[in-house]
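Q: sequence? don't have it. structure:
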């Protein structure tokens, strides 16, 4: 299947945005009151010298729109100078209109008066008027390369955890705002700035639906800050969210990501940036905006920094303008983008795909929103395991109908499927595909077990569950011993998996084979992995929730699901262009439009590691700069190396 990697275009020119969210150190969100043209130019110059080509900028709403029908023209002149400073350096910027939320605090224009930002018609009109007025003033400036409607509106317009607006209301608001920008004459790309925190990505309904607003925007912009208990999962978090955010097929720009150096060491800040940049590129992102350009040591007595002090140190430069490790990683990343001519590259096609259950994003009657976190975390952990297996895998959404051009379907700890998908998977297996599912009982006592029809028929078993009773896993480690060769796994080998979960999900599926053969057994001799040949393909059932158990285990990766995924790829005949016999190092490929192929090797090892990548017959790896053949590759801790595959 073709994996998502859409590039953002404007005026027929491809724009691989690489930049930073920008507030000057002279004032943070109040920078327009304390605007210093020389400091701003110095700040931009440092970014440009490190390979950045753009910023995301902000109209602090209470200042720029002080009265319902008035714009502050003095501040607009300062913003025009800000644009001129970008033009002088050959940089662009993406202005953001409705900036009432920033770094842990909300600010209203004095005249808002508590009106609802989505449903009060007059209030929506004032927002649209403001966006149109600012667009008319700056749309023709060559430094403006795009527009964003808001900054994280879900945390400002209405606190969605308490009182979420409906998708219909949010979509109508988004339509009015985007239409106002275009009606004012803007030709640059437009998006919402909401963070892509809606139901299609997170499983939480905040009113912002990527599907519903796709008609009005030109790209999607995830903001990724969530944390994890496992380094590999954390390093692949932004990549996975970018994969999910590509649900509409539009370009994905990693609009915000970053960290406060009050919370991590300088070296680990660099590691996080390196991993997030390269992995999100491999996950389909085609633009990046770090949060943010500078530290604010002198603003400690101003909100939000007086109560969110760690927000003072999200900068990629310190408060004197000196580069920090994140900026050095951005500079190195910029060099890679240039070396591979990234704007003309796409991701290599994949023969495997994770099936994203429709239950993640659709509120079927009497289905539980509480089931969605399990879907997200199991898929995320499966995605990490696939990376360790050097298995390129796309996402195929059940809500859209599963892809037909896939040789291997992966359903990690999947409990819920629609009837249509159940039948489609059987058909695809009959046609020659391999369908893998690991059983999961779910994390809640209601309707335990599989929520789809005829698991027995699909996998050639007779399940032995008692009604309403989960079969507990009593061992702390699952030992899966193979009874026959299965791909690269030899008969007699034992794979070991951590056991985790709550009283509902720490459960296995007792089965009796009825047409399937037992490929592996657990430590008690019970079927743990079964394979049923059907038509020209097969279905494979793991009776334990492997990915869910790993997802609930801290510091677990690389766990041995990657061995199973690699074996499934071999059984299914899925091509892996480059493989490494080291689960700490993952590989993936980009393809240039001229036919060149570039290989990424990304290490999750905490120490230096040397690997000798294997390639398809006749292919060789070469250094990007010298063109010399490369055999062994030494990667530093959490290192990345990019090579050409010939």
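A: That came through fine. Everything numeric here is computed off the predicted structure, so don't read it as measured data. Numbering: from 1, shown residues only.
Q: ranges for the strands of the stretch 101-250 of the chain?
A: For the stretch 101-250 of the chain, strands defined by DSSP state E, counting those that start in this stretch occupy the ranges 101-102, 105-106, 147-150, 190-191, 223-224.
Q: Can you say which of the ones you listed is nearest to residue 217?
A: Of all the strands of the stretch 101-250 of the chain, strand 190-191 sits nearest to residue 217, with 4.6 Å by C-beta to C-beta. Any C-beta I mention is one placed from the backbone N, CA and C, and that applies to glycine too.
Q: Save the strands of the stretch 101-250 of the chain as a markdown table, and put in distance to residue 4 too.
A: Below are the strands of the stretch 101-250 of the chain laid out as a markdown table (distance: least, C-beta to C-beta, whole Å):
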| stretch | distance to residue 4 |
| --- | --- |
| strand 101-102 | 29 |
| strand 105-106 | 33 |
| strand 147-150 | 21 |
| strand 190-191 | 16 |
| strand 223-224 | 16 |
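Q: With mean neighbour count and distance to residue 486 added, can I get these in JSON lines?
A: Putting the strands of the stretch 101-250 of the chain into JSON lines (neighbours: other C-beta atoms under 10 Å; distance: least, C-beta to C-beta, whole Å) gives the following:
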{"stretch": "strand 101-102", "mean neighbour count": "20", "distance to residue 486": "52"}
{"stretch": "strand 105-106", "mean neighbour count": "14", "distance to residue 486": "55"}
{"stretch": "strand 147-150", "mean neighbour count": "26", "distance to residue 486": "49"}
{"stretch": "strand 190-191", "mean neighbour count": "26", "distance to residue 486": "45"}
{"stretch": "strand 223-224", "mean neighbour count": "23", "distance to residue 486": "36"}
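Q: Next one: the residue nearest to residue 497 when sequence neighbours are not counted from residue 442, what distance?
A: In this structure, residue 497 finds its nearest non-sequential neighbour in residue 478, 4.3 Å apart by C-beta to C-beta, 6 or more residues apart in numbering. The gap separating residue 478 from residue 442 is 18 Å, by C-beta to C-beta, to the nearest Å.
Q: Show me which positions of stretch 19-37 end up buried.
A: 19-32, 35 (16 or more other C-beta atoms under 10 Å).
Q: May I ask which two of those residues are separated the most?
A: 19 and 30 (21.7 Å).
Q: Below-threshold pLDDT in this structure: ranges please.
A: 10-15, 158-162 (pLDDT under 70).
Q: so what's the most centrally placed residue in it up against?
A: The centre of the chain sits closest to residue 241, judged by C-alpha atoms, centre = their mean, with a distance of 2.0 Å. Residue 241 is in contact with 196, 201, 222, 224, counting by C-beta atoms under 8 Å, 6 or more residues apart in numbering.
Q: Who wins on neighbours among these?
A: Within these, most neighbours by other C-beta atoms under 10 Å means residue 196, with 29 neighbours.
Q: about what we covered before: if you count surrounding residues, which of residue 478 and residue 442 has more?
A: residue 442 (26 against 22).
Q: Spatially nearest residue to that one (excluding sequence neighbours)?
A: residue 415 (5.0 Å).
Q: and that neighbour, how far is that from residue 548?
A: 9 Å.
Q: what's the overlap in contacts for the two?
A: Counting by C-beta under 8 Å, 6+ apart, the residues touching both residue 415 and residue 548 are 374, 440.
Q: So between the two, which is more surrounded?
A: Set side by side, residue 415 and residue 548 show more neighbours around residue 548, with 29 against 26, by other C-beta under 10 Å.
Q: what's the nearest residue to that one if we skip its chain neighbours?
A: residue 413 (3.7 Å).
Q: show me the contacts for that neighbour.
A: Per C-beta under 8 Å, 6+ apart, neighbours of residue 413: 374, 378, 382, 438-440, 545-548, 551.
Q: how about a cut-off of 6 Å?
A: 378, 438, 440, 545, 547-548 (C-beta atoms under 6 Å, 6 or more residues apart in numbering).
Q: quick one: which of those sit in helices?
A: 378, 547-548 (DSSP state H).
Q: of the residues you listed, closest to residue 252?
A: Out of the ones in helices among the contacts of residue 413, the member with the shortest distance to residue 252 (by C-beta to C-beta) is residue 378, at 22.1 Å.
Q: ok, that closest one to residue 549 distance?
A: For residue 378, the distance to residue 549 - C-beta to C-beta - is 10 Å.
Q: same check, this time on residue 538
A: 24 Å.
Q: Residue 316 too?
A: Counting by C-beta to C-beta, the gap from residue 316 to residue 549 is 37 Å.
Q: again with residue 582
A: Distance from residue 582 to residue 549, by C-beta to C-beta: 23 Å.
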